[in-house]
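# got a predicted structure here, sequence first:
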Amino acid sequence: MSLELTPKQITEMGKMWGDVYLSGLGVDERLAGLPPKEVMSHFKPQDVLPYFKAQDVLPYFKPQLAKLSLDEIKALEKYLSQLKQKAKG
């Protein structure tokens with residue numbers, strides 16, 4: 001008995017078996033071998049940043065903060081001041 005499949009059917013079957021296989025793997029195994037940059041490119045900052053503490057993220061922004069102009073620093077200070085006032089409530 002010979003079974004003939006079209007290329008489309010073979011592709012669909014491969015996807016189905018891939019889904020079955022991948023569903024049994026843990027996150028670490030699924031992401032193994034993928035560069036972090038590629039993984040993170042699929043997310044928006046607002047979807048990821050809530051999972052990090054500010055003190056853990058801030059050091060990575062220091063080089064960028066050092067390049068701010070005086071006007072940008074003043075605007076940032078104003079924004080932070082407004083946040084403080086809002087927090088005091």
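Happy to help now that I have it. Please read all numbers here as calculations on a predicted model, not as lab measurements. Numbers count the residues shown, from 1 in each chain.
# which residues of this protein fall in helices?
Using DSSP state H, the helices of the chain run over residues 7-23, 27-31, 36-40, 45-48, 54-57, 62-65, 70-88.
# and the ones you listed as a markdown table, adding mean pLDDT and mean neighbour count?
Placement of C-beta: from N, CA and C, glycine included. Below are the helices of the chain laid out as a markdown table (pLDDT from 0 to 100; neighbours: other Cβ atoms under 10 Å):
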| stretch | mean pLDDT | mean neighbour count |
| --- | --- | --- |
| helix 7-23 | 89 | 10 |
| helix 27-31 | 92 | 10 |
| helix 36-40 | 95 | 9 |
| helix 45-48 | 94 | 8 |
| helix 54-57 | 92 | 8 |
| helix 62-65 | 91 | 9 |
| helix 70-88 | 94 | 10 |
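# so how far is Lys88 from Ala75?
Taking Cβ to Cβ, to the nearest Å as the measure, Ala75 falls 21 Å from Lys88.
# an error on my part: the question was meant for Tyr79.
15 Å.
# repeat that for Leu76.
Counting by Cβ to Cβ - Leu76 and Lys88 are separated by 19 Å.
# and Leu31, by the same measure?
Distance from Leu31 to Lys88, by Cβ to Cβ: 42 Å.
# what's the answer for Asp19, then?
52 Å.
# repeat that for Val20.
Noted for Val20: a distance of 55 Å to Lys88, by Cβ to Cβ.
# now do Glu4
Taking Cβ to Cβ, one finds Glu4 at 74 Å from Lys88.
# Thr6 now?
Separation of Thr6 from Lys88 (Cβ to Cβ): 68 Å.
# got it, and Asp28?
Asp28 is 43 Å from Lys88, where distance means Cβ to Cβ.
# surely Leu68 is in contact with Leu76?
Yes - with contacts counted by Cβ atoms under 8 Å, Leu68 reaches Leu76, the gap being 7.0 Å.
# could you list the domains of the protein?
For the chain, automatic domain parsing gives the domain ranges 1-42, 44-89.
# run the chain-centre distance for the longest one.
The chain centroid and the centroid of domain 44-89 are separated by 19 Å under Cα atoms, centre = their mean, to the nearest Å.
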